[in-house]
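Participant: got a sequence here, can you model it:
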Amino acid sequence: MPNVRPNLIRVKILIGMPAPDSWGGPAACEPPFVEALRDLGHDVATEVYVYGDKDRPTPLLSRVSRVLRTAFRFRKRLNKGDFDLLHLNTAFDTRTILRDSASLFLMRPGRTKVFLKLHGSEAERFANASWFMKRLIRYIARKADGFGYFTSDEREAFAAIGFDRDKFYQVRNTLDIPLKRTWEREHKARGDIFELLFVSRFIPAKGLVGTIEACERLRRRGVRFRLTCIGDGPTRRDAEDAVGRLALGRVVTFTGYIPEEQVAEHMQRADIFVFPTTHPEGFPMVLFKAAALGLPIVTTNIRAAKDHMRESVNCLFCTKDPEDIADKIATLISDGDLRREMSRSNEAFGAELSPQNIAREYERIYKTVLSQ
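Facilitator: Just a heads-up that it's a prediction; the model follows:
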(Lines give C-alpha, C1' and ligand atoms only; values in the text may rest on other atoms or scores of the structure.)
Protein backbone atom coordinates (compact mmCIF):
# COMPACT_ATOMS: atom_id res chain seq x y z
CA MET A 1 0.00 0.00 0.00
CA PRO A 2 1.33 3.48 -0.86
CA ASN A 3 2.19 5.71 2.06
CA VAL A 4 -0.50 8.31 2.80
CA ARG A 5 1.28 11.59 3.45
CA PRO A 6 -0.16 14.97 4.30
CA ASN A 7 0.10 17.63 1.58
CA LEU A 8 0.99 14.96 -1.00
CA ILE A 9 0.82 16.23 -4.56
CA ARG A 10 0.24 13.01 -6.49
CA VAL A 11 2.14 12.94 -9.76
CA LYS A 12 1.17 10.72 -12.69
CA ILE A 13 4.35 9.53 -14.38
CA LEU A 14 5.07 7.37 -17.43
CA ILE A 15 8.60 5.95 -17.17
CA GLY A 16 10.51 4.44 -20.08
CA MET A 17 12.32 1.41 -18.68
CA PRO A 18 15.31 -0.59 -19.92
CA ALA A 19 14.44 -4.04 -21.23
CA PRO A 20 14.75 -6.62 -18.44
CA ASP A 21 17.52 -8.46 -20.31
CA SER A 22 19.66 -5.33 -20.79
CA TRP A 23 23.14 -5.20 -19.31
CA GLY A 24 24.36 -2.42 -17.08
CA GLY A 25 23.18 -0.34 -14.19
CA PRO A 26 19.79 0.99 -15.44
CA ALA A 27 18.19 -2.45 -15.66
CA ALA A 28 19.16 -3.07 -12.02
CA CYS A 29 18.47 0.33 -10.45
CA GLU A 30 15.26 1.46 -12.17
CA PRO A 31 12.76 -1.24 -11.02
CA PRO A 32 13.28 -0.63 -7.26
CA PHE A 33 13.21 3.12 -7.92
CA VAL A 34 9.80 2.80 -9.61
CA GLU A 35 8.43 0.76 -6.73
CA ALA A 36 9.69 3.35 -4.25
CA LEU A 37 7.92 6.13 -6.19
CA ARG A 38 4.71 4.13 -5.99
CA ASP A 39 5.21 3.63 -2.27
CA LEU A 40 5.39 7.41 -1.92
CA GLY A 41 1.88 7.59 -3.37
CA HIS A 42 2.57 8.51 -6.99
CA ASP A 43 0.81 6.95 -9.99
CA VAL A 44 3.61 5.35 -12.02
CA ALA A 45 3.19 3.46 -15.29
CA THR A 46 6.06 1.89 -17.23
CA GLU A 47 6.86 0.98 -20.81
CA VAL A 48 10.03 -0.51 -22.23
CA TYR A 49 12.23 2.18 -23.82
CA VAL A 50 15.26 0.13 -24.72
CA TYR A 51 18.51 1.36 -23.23
CA GLY A 52 21.57 -0.78 -22.49
CA ASP A 53 23.80 -3.38 -24.15
CA LYS A 54 22.70 -6.94 -24.83
CA ASP A 55 24.36 -10.21 -25.75
CA ARG A 56 24.18 -9.42 -29.47
CA PRO A 57 23.96 -6.07 -31.27
CA THR A 58 20.61 -5.28 -32.88
CA PRO A 59 20.76 -4.93 -36.71
CA LEU A 60 20.14 -1.41 -38.02
CA LEU A 61 16.77 -2.05 -39.67
CA SER A 62 15.50 -3.90 -36.60
CA ARG A 63 16.66 -1.00 -34.44
CA VAL A 64 14.83 1.56 -36.61
CA SER A 65 11.68 -0.54 -36.57
CA ARG A 66 11.89 -0.88 -32.80
CA VAL A 67 12.26 2.89 -32.33
CA LEU A 68 9.18 3.56 -34.47
CA ARG A 69 7.06 0.93 -32.73
CA THR A 70 8.13 2.17 -29.32
CA ALA A 71 7.43 5.82 -30.15
CA PHE A 72 3.91 5.08 -31.34
CA ARG A 73 3.26 2.87 -28.32
CA PHE A 74 4.28 5.75 -26.03
CA ARG A 75 2.19 8.16 -28.08
CA LYS A 76 -0.87 5.98 -27.51
CA ARG A 77 -0.20 5.80 -23.77
CA LEU A 78 0.34 9.55 -23.52
CA ASN A 79 -2.88 10.30 -25.42
CA LYS A 80 -4.94 8.07 -23.15
CA GLY A 81 -3.20 8.51 -19.83
CA ASP A 82 -3.18 12.26 -19.16
CA PHE A 83 0.31 11.97 -17.59
CA ASP A 84 1.99 14.86 -15.80
CA LEU A 85 5.50 13.71 -16.62
CA LEU A 86 7.29 11.47 -19.10
CA HIS A 87 10.58 10.12 -17.69
CA LEU A 88 12.89 8.42 -20.20
CA ASN A 89 16.10 6.58 -19.33
CA THR A 90 18.66 7.35 -21.99
CA ALA A 91 22.20 8.60 -22.63
CA PHE A 92 23.76 11.22 -24.88
CA ASP A 93 25.71 9.78 -27.77
CA THR A 94 25.13 9.58 -31.52
CA ARG A 95 22.79 6.60 -31.33
CA THR A 96 20.61 7.94 -28.51
CA ILE A 97 20.46 11.45 -30.02
CA LEU A 98 19.05 9.94 -33.22
CA ARG A 99 16.68 7.73 -31.24
CA ASP A 100 15.46 10.37 -28.78
CA SER A 101 14.91 13.16 -31.32
CA ALA A 102 12.82 10.87 -33.54
CA SER A 103 10.97 9.43 -30.55
CA LEU A 104 10.05 12.79 -29.01
CA PHE A 105 8.82 14.03 -32.40
CA LEU A 106 6.62 10.97 -32.89
CA MET A 107 5.42 10.70 -29.29
CA ARG A 108 4.01 14.25 -29.28
CA PRO A 109 3.96 14.57 -25.49
CA GLY A 110 1.92 17.80 -25.68
CA ARG A 111 1.33 19.20 -22.18
CA THR A 112 3.16 16.30 -20.54
CA LYS A 113 6.52 17.45 -19.20
CA VAL A 114 9.55 15.51 -20.45
CA PHE A 115 12.42 14.47 -18.16
CA LEU A 116 15.46 12.70 -19.63
CA LYS A 117 17.63 10.79 -17.18
CA LEU A 118 21.09 10.56 -18.74
CA HIS A 119 22.90 7.38 -17.72
CA GLY A 120 26.21 8.76 -18.97
CA SER A 121 26.83 11.27 -21.73
CA GLU A 122 29.38 12.30 -24.33
CA ALA A 123 28.27 15.89 -24.79
CA GLU A 124 31.85 17.13 -25.14
CA ARG A 125 32.16 15.17 -28.39
CA PHE A 126 29.47 17.29 -30.08
CA ALA A 127 31.12 20.71 -29.84
CA ASN A 128 31.98 20.44 -33.56
CA ALA A 129 29.08 18.25 -34.65
CA SER A 130 27.62 18.35 -38.14
CA TRP A 131 24.81 20.76 -39.03
CA PHE A 132 22.33 17.88 -39.01
CA MET A 133 23.41 16.57 -35.62
CA LYS A 134 23.31 20.06 -34.11
CA ARG A 135 19.72 20.44 -35.31
CA LEU A 136 18.76 17.21 -33.56
CA ILE A 137 20.55 18.27 -30.37
CA ARG A 138 18.78 21.64 -30.34
CA TYR A 139 15.46 19.85 -30.81
CA ILE A 140 16.09 17.62 -27.78
CA ALA A 141 17.25 20.61 -25.73
CA ARG A 142 14.01 22.42 -26.56
CA LYS A 143 11.59 19.50 -26.14
CA ALA A 144 12.93 18.24 -22.79
CA ASP A 145 11.84 20.15 -19.69
CA GLY A 146 14.48 18.62 -17.44
CA PHE A 147 17.63 16.50 -17.60
CA GLY A 148 19.00 14.28 -14.89
CA TYR A 149 22.81 14.22 -14.88
CA PHE A 150 25.27 12.43 -12.61
CA THR A 151 28.47 14.49 -12.64
CA SER A 152 29.52 18.12 -12.82
CA ASP A 153 31.77 17.33 -15.80
CA GLU A 154 28.68 16.29 -17.76
CA ARG A 155 26.75 19.41 -16.80
CA GLU A 156 29.62 21.65 -17.93
CA ALA A 157 29.90 19.77 -21.23
CA PHE A 158 26.20 20.35 -21.91
CA ALA A 159 26.48 24.03 -21.02
CA ALA A 160 29.38 24.34 -23.45
CA ILE A 161 27.20 23.21 -26.37
CA GLY A 162 24.35 25.58 -25.54
CA PHE A 163 22.04 23.74 -23.13
CA ASP A 164 20.14 25.70 -20.48
CA ARG A 165 21.83 25.03 -17.12
CA ASP A 166 18.53 25.59 -15.31
CA LYS A 167 17.11 22.44 -16.89
CA PHE A 168 19.76 20.21 -15.30
CA TYR A 169 19.33 18.38 -11.99
CA GLN A 170 22.02 16.25 -10.40
CA VAL A 171 20.68 12.78 -9.69
CA ARG A 172 21.89 9.52 -8.19
CA ASN A 173 20.98 5.92 -8.85
CA THR A 174 19.34 3.78 -6.25
CA LEU A 175 20.96 0.67 -4.81
CA ASP A 176 18.95 -2.40 -3.98
CA ILE A 177 21.57 -4.95 -3.01
CA PRO A 178 20.16 -8.51 -3.14
CA LEU A 179 21.84 -9.68 0.06
CA LYS A 180 20.89 -9.23 3.70
CA ARG A 181 23.47 -7.65 5.97
CA THR A 182 23.76 -10.12 8.87
CA TRP A 183 27.53 -10.05 9.13
CA GLU A 184 30.41 -7.87 10.24
CA ARG A 185 33.20 -7.12 7.78
CA GLU A 186 36.48 -8.67 8.86
CA HIS A 187 39.47 -6.33 8.85
CA LYS A 188 42.63 -8.35 8.45
CA ALA A 189 46.08 -7.83 9.88
CA ARG A 190 48.81 -6.53 7.62
CA GLY A 191 50.48 -9.91 7.04
CA ASP A 192 47.27 -11.75 6.08
CA ILE A 193 46.25 -12.65 2.54
CA PHE A 194 44.13 -9.78 1.22
CA GLU A 195 41.29 -10.43 -1.21
CA LEU A 196 41.30 -7.81 -3.98
CA LEU A 197 38.24 -7.48 -6.23
CA PHE A 198 37.74 -6.01 -9.70
CA VAL A 199 34.23 -5.98 -11.21
CA SER A 200 33.33 -4.46 -14.57
CA ARG A 201 32.81 -5.01 -18.25
CA PHE A 202 36.28 -5.78 -19.57
CA ILE A 203 37.07 -2.84 -21.85
CA PRO A 204 40.42 -0.99 -21.99
CA ALA A 205 39.20 2.13 -20.16
CA LYS A 206 38.07 0.22 -17.06
CA GLY A 207 41.67 -0.50 -16.02
CA LEU A 208 41.75 -4.30 -15.64
CA VAL A 209 45.17 -4.80 -17.24
CA GLY A 210 46.58 -1.96 -15.12
CA THR A 211 45.15 -3.65 -12.02
CA ILE A 212 46.88 -6.92 -12.93
CA GLU A 213 50.16 -5.11 -13.55
CA ALA A 214 49.76 -3.42 -10.16
CA CYS A 215 49.43 -6.87 -8.61
CA GLU A 216 52.82 -7.82 -10.03
CA ARG A 217 54.30 -4.79 -8.23
CA LEU A 218 52.59 -5.86 -5.01
CA ARG A 219 54.04 -9.35 -5.26
CA ARG A 220 57.53 -7.94 -5.73
CA ARG A 221 57.01 -5.95 -2.50
CA GLY A 222 56.10 -9.13 -0.64
CA VAL A 223 52.40 -8.25 -0.22
CA ARG A 224 50.16 -11.29 0.16
CA PHE A 225 46.96 -11.09 -1.91
CA ARG A 226 44.55 -12.74 -4.31
CA LEU A 227 42.72 -10.88 -7.09
CA THR A 228 39.29 -11.92 -8.36
CA CYS A 229 38.17 -10.41 -11.69
CA ILE A 230 34.43 -10.53 -12.33
CA GLY A 231 33.06 -9.74 -15.77
CA ASP A 232 33.92 -10.30 -19.39
CA GLY A 233 34.52 -8.36 -22.57
CA PRO A 234 37.02 -7.46 -25.28
CA THR A 235 40.08 -7.10 -23.04
CA ARG A 236 39.73 -10.45 -21.30
CA ARG A 237 42.33 -12.04 -23.55
CA ASP A 238 44.77 -9.18 -22.91
CA ALA A 239 44.17 -9.57 -19.18
CA GLU A 240 44.72 -13.34 -19.28
CA ASP A 241 47.88 -12.80 -21.35
CA ALA A 242 49.13 -10.34 -18.72
CA VAL A 243 48.48 -12.90 -15.97
CA GLY A 244 50.52 -15.48 -17.89
CA ARG A 245 53.30 -13.06 -18.78
CA LEU A 246 53.64 -11.92 -15.16
CA ALA A 247 53.27 -15.45 -13.74
CA LEU A 248 50.28 -14.48 -11.60
CA GLY A 249 48.16 -17.54 -12.37
CA ARG A 250 48.11 -18.72 -8.76
CA VAL A 251 46.73 -15.48 -7.39
CA VAL A 252 44.46 -14.10 -10.14
CA THR A 253 41.06 -15.65 -10.94
CA PHE A 254 38.54 -14.83 -13.69
CA THR A 255 34.89 -15.70 -13.05
CA GLY A 256 33.21 -14.40 -16.21
CA TYR A 257 29.79 -12.80 -15.86
CA ILE A 258 27.92 -13.96 -12.76
CA PRO A 259 24.50 -13.01 -11.28
CA GLU A 260 24.21 -9.90 -9.15
CA GLU A 261 23.63 -11.97 -6.02
CA GLN A 262 26.98 -13.68 -6.51
CA VAL A 263 28.71 -10.35 -7.17
CA ALA A 264 27.40 -9.09 -3.83
CA GLU A 265 28.70 -12.24 -2.12
CA HIS A 266 32.17 -11.66 -3.60
CA MET A 267 32.02 -8.08 -2.35
CA GLN A 268 31.25 -9.30 1.14
CA ARG A 269 34.25 -11.64 1.09
CA ALA A 270 36.65 -9.10 -0.44
CA ASP A 271 38.95 -6.76 1.49
CA ILE A 272 39.61 -4.02 -1.10
CA PHE A 273 37.77 -3.00 -4.27
CA VAL A 274 40.03 -1.86 -7.12
CA PHE A 275 38.51 0.19 -9.95
CA PRO A 276 41.05 2.38 -11.81
CA THR A 277 38.62 3.38 -14.55
CA THR A 278 39.14 6.17 -17.08
CA HIS A 279 35.81 5.45 -18.77
CA PRO A 280 33.57 8.58 -19.00
CA GLU A 281 30.52 6.92 -17.44
CA GLY A 282 27.94 8.62 -15.30
CA PHE A 283 27.27 6.65 -12.13
CA PRO A 284 29.10 3.29 -12.12
CA MET A 285 26.80 1.06 -10.10
CA VAL A 286 29.52 -1.43 -9.21
CA LEU A 287 31.58 1.30 -7.53
CA PHE A 288 28.70 2.41 -5.32
CA LYS A 289 27.63 -1.15 -4.53
CA ALA A 290 31.16 -1.79 -3.29
CA ALA A 291 30.87 1.30 -1.10
CA ALA A 292 27.45 0.30 0.22
CA LEU A 293 28.84 -3.07 1.27
CA GLY A 294 31.59 -1.33 3.24
CA LEU A 295 34.54 -2.09 0.99
CA PRO A 296 37.61 0.14 1.14
CA ILE A 297 38.16 1.40 -2.41
CA VAL A 298 40.97 2.36 -4.76
CA THR A 299 39.66 4.27 -7.80
CA THR A 300 40.38 7.19 -10.11
CA ASN A 301 39.39 10.79 -9.37
CA ILE A 302 37.00 11.22 -12.28
CA ARG A 303 33.30 11.77 -12.93
CA ALA A 304 31.05 10.25 -10.24
CA ALA A 305 33.86 9.32 -7.86
CA LYS A 306 35.15 12.90 -7.99
CA ASP A 307 31.68 14.33 -7.28
CA HIS A 308 30.43 11.87 -4.70
CA MET A 309 33.47 10.42 -2.90
CA ARG A 310 36.15 11.94 -0.69
CA GLU A 311 39.83 11.05 -0.50
CA SER A 312 40.69 8.95 2.57
CA VAL A 313 37.01 8.94 3.61
CA ASN A 314 35.41 6.80 0.89
CA CYS A 315 38.43 5.81 -1.17
CA LEU A 316 42.04 6.42 -2.11
CA PHE A 317 42.36 8.07 -5.50
CA CYS A 318 44.86 6.59 -7.94
CA THR A 319 46.01 7.27 -11.46
CA LYS A 320 45.91 4.63 -14.19
CA ASP A 321 49.64 3.97 -13.64
CA PRO A 322 50.12 0.43 -12.21
CA GLU A 323 52.77 1.66 -9.77
CA ASP A 324 50.38 4.22 -8.32
CA ILE A 325 47.55 1.67 -8.14
CA ALA A 326 49.90 -0.65 -6.24
CA ASP A 327 50.92 2.18 -3.90
CA LYS A 328 47.29 2.90 -2.95
CA ILE A 329 46.43 -0.77 -2.43
CA ALA A 330 49.54 -1.19 -0.27
CA THR A 331 48.57 1.86 1.80
CA LEU A 332 45.18 0.37 2.58
CA ILE A 333 46.67 -3.00 3.42
CA SER A 334 49.19 -1.46 5.81
CA ASP A 335 46.72 0.87 7.57
CA GLY A 336 44.01 -1.08 9.35
CA ASP A 337 42.52 2.01 10.99
CA LEU A 338 42.08 3.68 7.61
CA ARG A 339 40.34 0.58 6.25
CA ARG A 340 37.95 0.42 9.18
CA GLU A 341 37.04 4.10 8.99
CA MET A 342 36.61 3.92 5.23
CA SER A 343 34.38 0.89 5.59
CA ARG A 344 32.12 2.68 8.07
CA SER A 345 31.95 5.80 5.91
CA ASN A 346 31.08 3.81 2.82
CA GLU A 347 28.30 1.88 4.54
CA ALA A 348 26.78 5.19 5.67
CA PHE A 349 27.10 6.60 2.17
CA GLY A 350 25.51 3.50 0.66
CA ALA A 351 22.53 3.84 2.97
CA GLU A 352 21.82 7.24 1.38
CA LEU A 353 21.23 5.45 -1.93
CA SER A 354 18.27 3.39 -0.77
CA PRO A 355 15.29 3.32 -3.16
CA GLN A 356 13.22 5.34 -0.67
CA ASN A 357 15.79 8.14 -0.34
CA ILE A 358 16.41 8.37 -4.08
CA ALA A 359 12.68 8.39 -4.86
CA ARG A 360 12.27 11.37 -2.51
CA GLU A 361 15.09 13.18 -4.31
CA TYR A 362 13.33 12.65 -7.64
CA GLU A 363 10.01 13.67 -6.13
CA ARG A 364 11.51 17.09 -5.38
CA ILE A 365 12.98 17.33 -8.89
CA TYR A 366 9.72 16.35 -10.57
CA LYS A 367 7.80 18.99 -8.63
CA THR A 368 10.29 21.65 -9.70
CA VAL A 369 10.05 20.60 -13.35
CA LEU A 370 6.25 20.54 -13.21
CA SER A 371 6.10 24.00 -11.65
CA GLN A 372 7.98 25.65 -14.50
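Participant: where exactly do the strands run in the protein?
Facilitator: 12-17, 43-48, 85-92, 113-121, 146-149, 168-170, 194-199, 225-230, 252-256, 272-275, 297-300, 316-318 (DSSP state E).
Participant: a markdown table for the ones you listed, including mean pLDDT and distance to R340?
Facilitator: Backbone N, C-alpha and C define where each C-beta goes, glycine included. Shown next, in a markdown table, are those (pLDDT from 0 to 100; distance: least, CB to CB, whole Å):
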| stretch | mean pLDDT | distance to R340 |
| --- | --- | --- |
| strand 12-17 | 95 | 39 |
| strand 43-48 | 95 | 40 |
| strand 85-92 | 95 | 37 |
| strand 113-121 | 93 | 33 |
| strand 146-149 | 96 | 34 |
| strand 168-170 | 96 | 30 |
| strand 194-199 | 97 | 14 |
| strand 225-230 | 98 | 19 |
| strand 252-256 | 97 | 26 |
| strand 272-275 | 98 | 13 |
| strand 297-300 | 97 | 14 |
| strand 316-318 | 98 | 14 |
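Participant: for D153, which non-adjacent residue is closest in space?
Facilitator: Distances taken as CB to CB, 6 or more residues apart in numbering place R303 nearest to D153, at 5.9 Å, with adjacent residues excluded.
Participant: quick one: that neighbour and P280 touch, right?
Facilitator: Yes. The criterion here is CB atoms under 8 Å, and R303 meets it with P280 at 6.4 Å.
Participant: common neighbours of the two, please.
Facilitator: D153 (CB atoms under 8 Å, 6 or more residues apart in numbering).
Participant: neighbour count winner among the two?
Facilitator: R303 (23 against 17; other CB atoms under 10 Å).
Participant: mind putting the strands of the chain into TSV with distance to L106 and mean neighbour count?
Facilitator: Below are the strands of the chain laid out as TSV (distance: least, CB to CB, whole Å; neighbours: other CB atoms under 10 Å):
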stretch	distance to L106	mean neighbour count
strand 12-17	13	21
strand 43-48	14	16
strand 85-92	13	25
strand 113-121	13	23
strand 146-149	20	24
strand 168-170	25	17
strand 194-199	38	22
strand 225-230	40	20
strand 252-256	40	15
strand 272-275	39	25
strand 297-300	40	24
strand 316-318	44	23
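Participant: F349 is nearest to which of these?
Facilitator: strand 297-300 (10.6 Å; CB to CB).
Participant: tell me how many other residues surround the closest residue in space to L197 that isn't next to it in sequence.
Facilitator: Excluding its sequence neighbours, the residue lying closest to L197 (CB to CB, 6+ apart) is A270, at 3.8 Å. Here the count is done by other CB under 10 Å, and A270 has 23 residues near it.
Participant: my guess is A270 contacts L295, does it?
Facilitator: Yes. Counting by CB under 8 Å, A270 does reach L295; the two are 6.1 Å apart.
Participant: now T299: closest residue in space that isn't a chain neighbour?
Facilitator: F275 (4.4 Å).
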